[in-house]
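Colleague: Return a 3D structure for these sequence lines:
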Amino acid sequence: MRNKTNQAAAFRVAALLHEDILASSITLPMEILAGAAQALGRGSQQSLRFQCFSDQGGSLTLQSGLTIVTESLDALKDTDLLIIPAIWRQPQRALQKHPRHIDVITQHLSHRGLTVSIGSGSFLLAATGLMNGRSATTHWHWFDHFRKRYPLVQLEREQLITQSDQVFCVSSVNSVADLMVYLCGQIFSPRVARHIENQFSPEIRQRFSPSPVGAPRDLHGDELIVDAQIDIGRDLRSVTPLPAMAQKLGVSARTLARRFSAATGVSITEYRQQRRLDEAQALLRRTNLSIMEIGHAVGLADASHFTRMFREQTGLTPSGYRIAVREKAFAPHPASD
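Modeller: Residues are numbered from 1 along each chain as shown. Below you'll find the model as predicted:
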């Protein structure tokens, strides 16, 4: 991967836009990369050029109502990083309406250009035929459609982020920040990556590394279990007995337990406990509630039990975690190399 920190030329980023893209899959990478370029300081020779391209160019209004000024695909000659944003709703429609996007991606991949595909944008990536035999991922909702349409692509259902040479795929917008921090370290420097991680904390949950991370609890396509997870998260302070939850969902308790474990990799009890700890971390980051109030809010009212469970997950006490996160989030300067 090319590091251009000491070169005078701007690092060029191109995003392929059409009216059906998800706006956040463009704005978030743009803000992170811009922050990285600014972190280098005025004395640096490195600069960033971020451009958006569409079929005809001009003002493009997305499904969300956001209007973005774009350049024509004819003006896209060469770029250092190509971003393929997530597609809102039907990715098959984008394949039919925007064949020129596929041509642009094909040309970029043929030159082994750095590429980031977000969510269902991987449908356009796979349509080039150049991902056959290579790993990729997409949004979990489209796993089966993707597998059926592109059987030769190695679909990684259990990875949030995949890497195949210079091509990175992110399963959803939720993991974009994780990948962009990694790329900032490659494009700019590790110091800049650490600065960006501080700026976007706590949005960045887990730093990406080329070694794939395990499957998240919520990345699956079992709608029954999604409903169960929603029911659990609705009130973390209460515990619905397994038979009552199963009856509500219209299945037996045994079936619910089996499918839940198969979909998430953990039992319902373990999942509920993990959700409680996740919510406790969020409240410690975002609020000034006392430790006791947070424990009560997430269903861990016993202070000693709450502290013990929290330390087992994070290695810190709740109060220690709050101090560490806030010191990181509000660090005034980038860390030194």
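
Colleague: Every contact and neighbour count from this point should use C-alpha atoms.
Modeller: Fine.

Colleague: where do the helices sit along the protein?
Modeller: Using DSSP state H, the helices found in the chain span residues 24-39, 91-97, 99-110, 122-126, 143-149, 176-187, 190-200, 223-234, 242-249, 253-264, 268-286, 291-297, 303-314, 318-329.

Colleague: mind putting those in CSV, mean pLDDT included?
Modeller: CSV is the format used below for the helices of the chain (pLDDT from 0 to 100):
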stretch, mean pLDDT
helix 24-39, 90
helix 91-97, 90
helix 99-110, 95
helix 122-126, 97
helix 143-149, 94
helix 176-187, 87
helix 190-200, 78
helix 223-234, 86
helix 242-249, 93
helix 253-264, 93
helix 268-286, 89
helix 291-297, 93
helix 303-314, 91
helix 318-329, 75
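
Colleague: what would those helices look like in TSV with mean neighbour count?
Modeller: Output for those, formatted as TSV (neighbours: other C-alpha atoms under 10 Å):
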stretch	mean neighbour count
helix 24-39	19
helix 91-97	15
helix 99-110	18
helix 122-126	25
helix 143-149	15
helix 176-187	23
helix 190-200	22
helix 223-234	16
helix 242-249	15
helix 253-264	17
helix 268-286	18
helix 291-297	19
helix 303-314	15
helix 318-329	16
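
Colleague: List the buried residues of stretch 78-93.
Modeller: Buried residues in stretch 78-93, counting neighbours by 16 or more other C-alpha atoms under 10 Å, are found at Thr79, Asp80, Leu81, Leu82, Ile83, Ile84, Pro85, Ala86, Ile87, Trp88, Pro91.

Colleague: so which of these would you say is closest to Leu179?
Modeller: Ranked by distance to Leu179 (C-alpha to C-alpha), the buried residues of stretch 78-93 are led by Ile83 at 12.4 Å.

Colleague: domains of this structure?
Modeller: Structurally, the chain divides into domains by automatic domain parsing as follows: 11-200, 223-327.

Colleague: How far off centre is the last one?
Modeller: Just to be clear, that refers to domain 223-327. 22 Å (C-alpha atoms, centre = their mean, to the nearest Å).

Colleague: what's the answer for the longest one, then?
Modeller: Between the centre of domain 11-200 and the centre of its chain there are 12 Å (C-alpha atoms, centre = their mean).

Colleague: pretty sure Ser252 is touching Ala246, no?
Modeller: Yes: assessed by C-alpha atoms under 8 Å, Ser252 is found in contact with Ala246 at 5.6 Å.

Colleague: Please enumerate residues in contact with stretch 136-153?
Modeller: If you take C-alpha atoms under 8 Å, 6 or more residues apart in numbering as the criterion, stretch 136-153 is touched by 118-123, 126-127, 131-135, 154-157, 159-164, 168-172, 219-221.
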